[in-house]
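Visitor: Sequence plus predicted model, see below.
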Amino acid sequence: ASVTEAQKNQLIGEALFLRAYHYFNLVRLFGGVAAVTEPVDPEKSKQINRNTIAECYQLIVADLSTAKDILPQNTYSTINSANLGRANAWAAKSLLAKVYLTLDRNADALPLLNDVINNSGYGLLNNYADVFSIANEMNREIIFAVRYKAGGFG
């Protein structure tokens, strides 16, 4: 199959975003975990030791830094409705800022957050109840979401 450079970057960026997202949750719950960055067979996986918390955060920051640079940076109003909630540059910047805040690196988080607030088209809704309304499912407060199909289709 032929894949354009933009499609390739989107897939790589989404994979990096998702790996960082899950490692961020894991390291906050369990401390240092085994940071696996390439395929390993089952026997070798049993021998992998846990990485330090600092090494895990180093991987998370590296993944999100790359993802924010290669993922699409379309503003909220220009994103096709089928792609709303999908990982993009704004989601990567937002998560990277959250990681920086967790690491008490506020000065690194601030420019990312200002960029998202001022340039992404995402923002807070006037009515809090609208955030969770079924009629307003993928509103401009939702930067990243796992979307499911209704009716038992997955």
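Guide: Good, I have the coordinates.
Visitor: Span of stretch 99-114 from start to end?
Guide: 15 Å (CA to CA, to the nearest Å).
Visitor: ok, longest helix in this protein?
Guide: helix 5-30 (DSSP state H).
Visitor: Give the next helix or strand downstream of that helix.
Guide: helix 42-45 (DSSP states H and E).
Visitor: If you average the pLDDT over that next one, what comes out?
Guide: The predicted model assigns helix 42-45 a mean pLDDT of 91.
Visitor: now do stretch 133-140
Guide: Mean predicted confidence for stretch 133-140 is 89.
Visitor: Also stretch 66-84?
Guide: Rounded mean pLDDT across stretch 66-84 is 93.
Visitor: what comes up buried for the longest helix of the chain?
Guide: 9-10, 13-14, 16-17, 19-21, 23-24, 26-27 (16 or more other CB atoms under 10 Å). In this view, the C-beta of every residue, glycine as well, is placed from N, C-alpha and C.
Visitor: out of those residues, who's nearest residue 127?
Guide: residue 21 (28.3 Å; CB to CB).
Visitor: so how far is residue 63 from residue 6?
Guide: Remark: distance between residue 6 and residue 63 (CB to CB, to the nearest Å) = 19 Å.
Visitor: now residue 95
Guide: 10 Å.
Visitor: and what of residue 3?
Guide: In terms of CB to CB, residue 3 sits 21 Å off from residue 63.
Visitor: thinking again about what came up before, right, and out of the buried residues of helix 5-30, which lies closest to residue 90?
Guide: residue 17 (10.9 Å).
Visitor: And the pLDDT at the closest one?
Guide: 98.
Visitor: and what of residue 146?
Guide: 87.
Visitor: Could you give the number of residues near the residue lying closest to it once chain neighbours are set aside?
Guide: Excluding the flanking residues, the one nearest residue 146 by CB to CB, 6 or more residues apart in numbering is residue 85, at 7.5 Å. Residues lying near residue 85 (other CB atoms under 10 Å) number 17.
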